[in-house]
Every structure is written in structure tokens, then in C-alpha cells.
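Trainee: generate a structure from the sequence data that follows.
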Amino acid sequence: MARLTFSRTRFRPGRGLVLAAAAVYFLVPLAASVVFSVDSGDHVTFGAYSQIVGTEGFTDSLLLSLELAVTTIVLVLLLMVPAMVALRLGAPKLRSVVAVVCSLPLVVPPIAFVAGISTVLKWGPEYLSRTPLFQTIVAIQNENYPFVLVLAYVVMALPFVYQALDAGLRAVDVRTLVEAARSCGASWPQALVRAVLPNLRGALLNASFLTLALVLGEFTVSHLLGYQPFAVWIVDISGAQAQMSVAVSVLSLLVTWVLLLALAAVGGRRTPSRTAP
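Mentor: Model (predicted):
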């Protein structure tokens with residue numbers, strides 16, 4: 001009979017204190033926000049939450065943020081995954097250079113970043129009016145779907161995506177996987193999709209999580225460029241309807257958590273293995 005062994009874990013009060021402090025730091029403001037959003041003075045009411053869906057701009061701003069988030073995730077992964085794999089296979093000595101370049105968005109203040117984007121957008125129509133690029137400058141500023149925000153979010157997400165993918169690639173022998181796939185007759189794209197990407201599922205999910213949270217919570221760039229995604233809409237209604245704005249903020253946290261859990265559930269599914277009869 002097999003023996004069952006039980007490992008004894010030592011209780012460390014330091015860890016408990018850190019977890020308790022973190023719980024207080026995050027849960028107390030959230031609880032205070034919920035109480036403020038449902039308190040009407042003499043009784044509890046959920047009127048602020050019931051009015052959210054019917055408030056002008058709620059659905060449009062939320063859908064715009066989700067569309068921008070999906071496009072940003074797809075674009076930044078299409079940009080970074082092949083680049084990181086090629087860097088690891090062909091030029092590992094340039095890793096430090098790429099790391100510094102991808103970390104620049106953390107150094108540049110958002111105000112300076114927006115000022116640069118605004119300068120380019122103002123300069124473009126004036127100097128490119130007689131070129132085919134003029135229509136491109138106009139198209140990326142479409143109010144219904146401002147693709148210029150996607151480009152800005154891709155740049156802002158580079159540090160987080162780079163760190164997530166770099167950690168995933170360090171845990172995988174990419175060269176062996178690619179060489180094995182190539183020896184079986186796979187092309188370079190097939191080797192990347194069928195051999196490398198399945199082993200980077202965790203890293204891809206982490207990069208998607210961080211990008212989604214970034215896009216849903218970003219305010220400075222979109223506000224200064226004159227667009228109204230979900231975060232800007234929350235701030236815009238806070239002046240006249242403070243209780244509703246807090247309710248929307250709580251709801252936005254719940255929506256973000258639900259989306260992250262859904263993304264984790266979808267990405268964590270594995271194709272059931274088939275066994276030979």
C-alpha cells in the first residue's frame with residue numbers, strides 16, 4: 001500500500017501581516033465606495049446602479065473601450081511575439097537593447113507622450129494634404145473608432161507585454177522547438193504557431209491581462225486627445241452625478257474582473273487528448 005505523506009507548512013506571521021495589510025488597502029476603499037453608492041441617507045437604495053445602463057454614453061463608451069482593448073491586444077501580440085522569438089533565436093545579444101526600448105513608455109510622462117501625438121496629428125494634415133497619407137491621418141482620428149488610441153495603447157503596453165513574453169520565453173527551449181518543427185517540414189510561420197505559441201499560453205494570457213487592464217483604465221491620453229472611452233465617461237459624469245460615478249467605478253471593476261476571468265477561462269481550456277483504441 002502506498003503511504004500518504006503530509007508536509008507540514010510552518011506558519012509565518014509575516015506573510016499573514018502582509019496579506020492582511022494588502023486586503024485592508026484594497027478592500028476598505030472598495031467597501032467605502034459601495035456604501036457611498038447605495039446610501040441615500042435614511043435607507044439603502046440601488047438606484048444609482050439601476051440608472052447606469054440607461055445613462056447616455058454608457059453603452060457606447062464601454063463598447064468603444066472593449067473594441068479598443070481587443071484591437072490593442074491583437075496588434076501588440078502580432079508585433080511582439082514574432083519579434084521576441086526572432087530576437088531569442090537570431091540576436092540574443094540585442095535583448096538588453098530591446099528591453100530598454102520597450103521600457104521607454106514607463107519613462108516618458110503621459111503628458112509629453114500626448115503632446116507628441118497631438119503635434120504629429122496637427123502637422124500631418126498641413127504637410128501631407130497632397131499625399132495619400134492625408135486620408136490615413138484623417139481615418140485614424142475617426143470619432144466612432146479612434147485608431148490613434150490603439151496606436152498609443154500599443155506603445156504604452158510594450159513594457160508589460162515585453163516582460164510577460166520574456167518570462168515565458170525563458171521557460172521554454174525555443175530553439176529546440178523550432179528546429180524540431182522545421183525538421184518535420186514545417187515552415188517558419190507554422191513552427192511559430194504550432195510549436196512555440198502553445199508553450200507560451202501563460203505568457204500570452206498575462207500580456208493580454210495587463211493590456212486589457214491598461215486600456216480599460218487609461219484616461220490621460222484619450223481625454224487630452226478629445227475622445228470618450230469608458231474611463232473618460234466615468235470622469236465626465238462625476239461632476240453632476242457623484243453617486244452614480246462611484247457606482248460606475250465599482251461596476252467597472254467588476255466588469256474588468258469578469259473579463260479577466262473569462263479570458264483566463266478561455267485561454268486555460270485545453271483540447272482533450274485523444275487516446276488510441
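Trainee: which ones are touching the nearest residue to Leu192 once chain neighbours are set aside?
Mentor: Nearest residue to Leu192, sequence neighbours excluded (CB to CB, 6 or more residues apart in numbering): Val85, at 6.2 Å. From N, CA and C alone the C-beta is placed, and that goes for glycine too. By CB atoms under 8 Å, 6 or more residues apart in numbering, the residues touching Val85 are 169, 174, 178, 192, 196.
Trainee: show me what counts as buried in the helix or strand where Val85 lies.
Mentor: Under the criterion of DSSP states H and E, Val85 resides in helix 58-90. Neighbour counts over helix 58-90 (16 or more other CB atoms under 10 Å) mark 58, 61-62, 64-66, 68-69, 71-73, 75-77, 80-81, 84-85, 87-88 as buried.
Trainee: any idea which helix or strand comes after that helix?
Mentor: Sequence order places helix 95-107 as the next helix or strand after helix 58-90, per DSSP H and E.
Trainee: report the buried residues of that following helix.
Mentor: The neighbour-count check on helix 95-107 (16+ other CB under 10 Å) flags 98, 102, 105 as buried.
Trainee: you'd agree the last one is up against Val155?
Mentor: Yes. Pro105 is within contact range of Val155, at 5.5 Å (criterion: CB atoms under 8 Å).
Trainee: can you list residues touching both of the two?
Mentor: Listed as contacting both Pro105 and Val155 by CB under 8 Å, 6+ apart are Phe113.
Trainee: re the thing from before, report the angle between the helix holding Val85 and helix 95-107.
Mentor: 160 degrees (axes from the mean of the first three to the mean of the last three CA atoms, to 10 degrees).
Trainee: mind checking the pLDDT average for helix 58-90?
Mentor: What helix 58-90 shows for mean pLDDT is 91.
Trainee: so, low pLDDT: which residues of the stretch 1-150 of the chain?
Mentor: Scanning the stretch 1-150 of the chain with the threshold set as pLDDT under 70 gives 1-11.
Trainee: state the phi and psi torsions of Asp39.
Mentor: Main-chain dihedrals, Asp39, degrees, to the nearest 10: phi -90, psi 120.
Trainee: for the one 4 residues further on, same thing?
Mentor: Dihedral angles of His43 (phi, psi; degrees, to the nearest 10) stand at phi -160, psi 170.
Trainee: which residues are in contact with it?
Mentor: By CB under 8 Å, 6+ apart, the contact list for His43 is empty.
Trainee: now do it against Leu75, distance only.
Mentor: Using CB to CB, to the nearest Å, His43 is found at 48 Å from Leu75.
Trainee: give me the neighbour count for the residue lying closest to Thr59 once chain neighbours are set aside.
Mentor: The shortest distance from Thr59 to any non-neighbouring residue, by CB to CB, 6+ apart, is to Val53 (7.3 Å). Number of residues near Val53 (other CB atoms under 10 Å) recorded here: 10.
Trainee: report the secondary structure state of Val53.
Mentor: Using DSSP: H, G, I helix; E, B strand; the rest coil, the structure places Val53 in coil.
Trainee: list phi and psi for it.
Mentor: Backbone torsions of Val53, given as degrees, to the nearest 10, read phi -60, psi -40.
Trainee: was I right to think it contacts Ala247?
Mentor: No. Applying CB under 8 Å, one finds Val53 not in contact with Ala247, separated by 11.2 Å.
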